[in-house]
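Student: sequence? don't have it. structure:
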């Protein structure tokens, strides 16, 4: 259910951008979702279908990519994406979460006419 305010925010952002640039229709939207955000892409898609009715985003195709959380090795300082392990691929040390990574839900790109 927390996806609905996210979707309305995405639509408002895209509508503002369309007005600012004089665009008539948003055709496709690439959205990056952080792995720690708890945002479910299928829920976003379903809410988007309904919430976009009557807007420049109606009928737009959504494409999703997952953005990994990033970890920093306590031992060597190497920064690497969390890939199901907290072990540093460089030295085997312990990885700790880099604050603020993997939590966003952002529009990466869009195409419009």
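Tutor: Sure thing, it's come through. Quick caveat: nothing in here was measured; it's all calculated off a predicted structure.
Student: Quote the end-to-end distance of stretch 22-30.
Tutor: Distance between the boundary residues of stretch 22-30 (CA to CA, to the nearest Å) amounts to 20 Å.
Student: what's the spacing between it and its chain's center?
Tutor: Mean-position distance between stretch 22-30 and its chain equals 17 Å (CA atoms, centre = their mean, to the nearest Å).
Student: in that stretch, what counts as buried?
Tutor: 23, 26, 29 (16 or more other CB atoms under 10 Å). C-beta: built from backbone N, CA, C; applies to glycine.
Student: Would you format those as TSV with distance to residue 17 and pLDDT included?
Tutor: Output for the buried residues of stretch 22-30, formatted as TSV (distance: CB to CB, whole Å; pLDDT from 0 to 100):
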residue	distance to residue 17	pLDDT
23	7	97
26	8	98
29	11	98
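Student: all helices of this structure, in order?
Tutor: 3-21, 41-51 (DSSP state H).
Student: Reformat these as a markdown table; add mean pLDDT, mean neighbour count and distance to residue 112.
Tutor: Output for these, formatted as a markdown table (pLDDT from 0 to 100; neighbours: other CB atoms under 10 Å; distance: least, CB to CB, whole Å):
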| stretch | mean pLDDT | mean neighbour count | distance to residue 112 |
| --- | --- | --- | --- |
| helix 3-21 | 96 | 15 | 7 |
| helix 41-51 | 96 | 16 | 16 |
